Every structure is written in C-alpha cells, then in structure tokens.
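J.: would you be able to build a 3D model of this:
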Amino acid sequence: MKPIPLNRGRRKSRWLTAGLSSASLSLAALTAIAQPDLTEVPIEALVQMQITTVARKAEKLSQSPAAVSVITQDDIRRSGATSIPEALRLAPGLDVARLDSSDWAISARGFNDVFANKLLVLQDGRSIYTPLFSGVFWDVQGAMMEDIDRIEVIRGPGAALWGANAVNGVINIISKSAKETQGTLITAGGGTEERGFASIRYGDKLGDHAFFRVYGTYFNRDDSALPNGQDADDSWQLGRWGFRLDWDVSDQDLLTLQGDAYR
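T.: Residues are numbered from 1 along each chain as shown. Predicted coordinates for the structure are as follows:
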C-alpha cells in the first residue's frame, strides 16, 4: 500500500488570521428554530437524539445497533471548521489526512487513500461516491457550514443496507431544511493561508407550504508548504452556488428539489 505523504500539506503558519468578519442580516422573517446548547443538555436527552443513517429510517440514538457518532451544528460552530473534511476530524474512528491545499484522504479502519473505496459518503441520503475513480472528490464537496444540521458517522459495516461501498462505515451529511434557513446570512473573512472567503445565503417562502433558499460561496487559498519549506504550488480558488426547494405536500410527505454547481 502506497504511504500517504502526510507532511506534504503542512501549512506554512498556524492560520494566523489577518482579519475575520461575520454578519447576519435578517431581511425576511426568521422562522428557524434555534438549536439548543448541547453542553447544557442532560446525557439522557442526548441519547434520545434522532438519527436516520443506521436503519434508513428515524430512530433514537440509544436504540441504534451500531457505533454511531453525531457531529451537530453546534459542534461545527465551536470547532471553527470551514469545510466538511475539517468537521469530520471531530468524529472518532475516522482517518482524516490533508495532503495539500485541496486534496484529502478520508477513511475508516485504515486503508486510507485519496480515493478510499470502502467508505460510503452520503449527502442528504444521496451517494456522492464517484464510480469512475472509486472514491469521493472531497475538494468539491461543500456547502455553507451554517446550513449543515448534523453529520452522522457509522463506524462499522453497513453494506447490508447501503451496498458494497459501506464496508467500513457510512458518512451521512444532513443539511437543514429550507424552512430552517429563512432570511439572509453573509459571512466573509481572510488570513495568511485563506486569502479570502465569503458566502451568502437567502431563504424565503412561496406560500404557506413551500420554502426555498439559494446560496453562493467563494474562497481563495494560498500555497501549502513542502517539508523542505518550499511552496507546493497548489494554490487554488473555487466558486460554488446552489438552491434548495422544500414543499410540504401533506402532513406525511415532503418534496425536495435541490441542485449545486461549482467552478
């Protein structure tokens, strides 16, 4: 097995932040329900948290017959993670290695590589696994971190329910509904490595039973450093935009339409 050059992506500094600003503007009625502070929630209540990945249906965490970790929005916010791979470092049992400015190697139970084919990754229940390369392009898998509700991580085989790629585990990235992200949110910042990043999201409703949101993000990253101190010449930038539409057809049925693009 080819070793992974973990030192290749060592950063030139410790993310010395030159400037950071964040603003939240409410241009529409905010109907989102605030998440509780999990540090103040009793352990008895935490084990009653609803998860969906293990049995492909909603069930309590305490009743799940698998080793499951849940990364909540509160965990992501407190960690300062700016990307999904960074947030996955909060889950025990995952091997998360950054190779350079854009490439990540993420797996469970070893067998780590840029394209790990024994870990199934889902986004809102849909596979983002690429059969052509037998892996996940982590550099282009992204969303506004504020729009992620939770990340469920199953450590262990899940092939019986999810297929052959779930041999060593399943990651399910679950985003908030459009109803929970009403109004306008703007974030921006920059630093010595993250030269600049910004995101904007707007959500509104279409009648009493339909809600939508649109968003756009952009970042510009500097070169990472090689072990000899030289630049790795891997600076890059990416713009991403997308939308989500939720329609409450009935009390039991919800229709969701969403799409994303990047350049």
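
J.: from residue 86, how far off is the residue lying closest to residue 52 once chain neighbours are set aside?
T.: The shortest distance from residue 52 to any non-neighbouring residue, by Cβ to Cβ, 6 or more residues apart in numbering, is to residue 58 (5.3 Å). Every residue, glycine included, has its C-beta placed from N, CA and C. Going from residue 58 to residue 86 by Cβ to Cβ, to the nearest Å gives 28 Å.

J.: name all residues that make contact with residue 59.
T.: The neighbours of residue 59, taking Cβ atoms under 8 Å, 6 or more residues apart in numbering as the test, are 50, 51, 52.

J.: if we use 10 Å, what do you get?
T.: Residue 59 is in contact with 50, 51, 52, 53, 65, counting by Cβ atoms under 10 Å, 6 or more residues apart in numbering.

J.: mind giving me the PyMOL command for buried ones among the residues you listed?
T.: This is the PyMOL syntax for the buried subset of those, where burial follows 16 or more other Cβ atoms under 10 Å:
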select buried, resi 51+53
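
J.: hmm, back to that, from what I can see the residue nearest to residue 52 touches residue 174, true?
T.: No - counting by Cβ atoms under 10 Å, residue 174 is not a contact partner of residue 58; they are 11.4 Å apart.

J.: quick one on the thing from earlier: more neighbours, residue 58 and residue 86?
T.: Neighbour count, other Cβ atoms under 10 Å: between residue 58 and residue 86, residue 86 has more, with 16 against 8.

J.: can you pull the contacts of that one?
T.: 76, 79, 80, 96, 98, 104, 145.

J.: send the alpha carbons of stretch 135-150 over as CSV?
T.: Extracted in CSV, the C-alpha atoms of stretch 135-150 (Å, rounded to 0.1, in the frame of the first residue of the first chain):
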residue,chain,number,x,y,z
GLY,A,135,-13.8,7.5,-4.3
VAL,A,136,-15.0,10.9,-3.3
PHE,A,137,-13.8,14.3,-4.6
TRP,A,138,-13.6,16.0,-1.2
ASP,A,139,-12.2,19.2,-2.7
VAL,A,140,-15.6,20.0,-4.4
GLN,A,141,-17.9,18.5,-1.8
GLY,A,142,-19.1,21.5,0.1
ALA,A,143,-21.9,23.6,1.4
MET,A,144,-22.3,26.5,3.7
MET,A,145,-21.3,25.1,7.1
GLU,A,146,-24.1,27.0,8.7
ASP,A,147,-26.6,25.1,6.6
ILE,A,148,-25.5,21.7,7.9
ASP,A,149,-27.8,20.3,10.5
ARG,A,150,-25.6,17.3,11.5
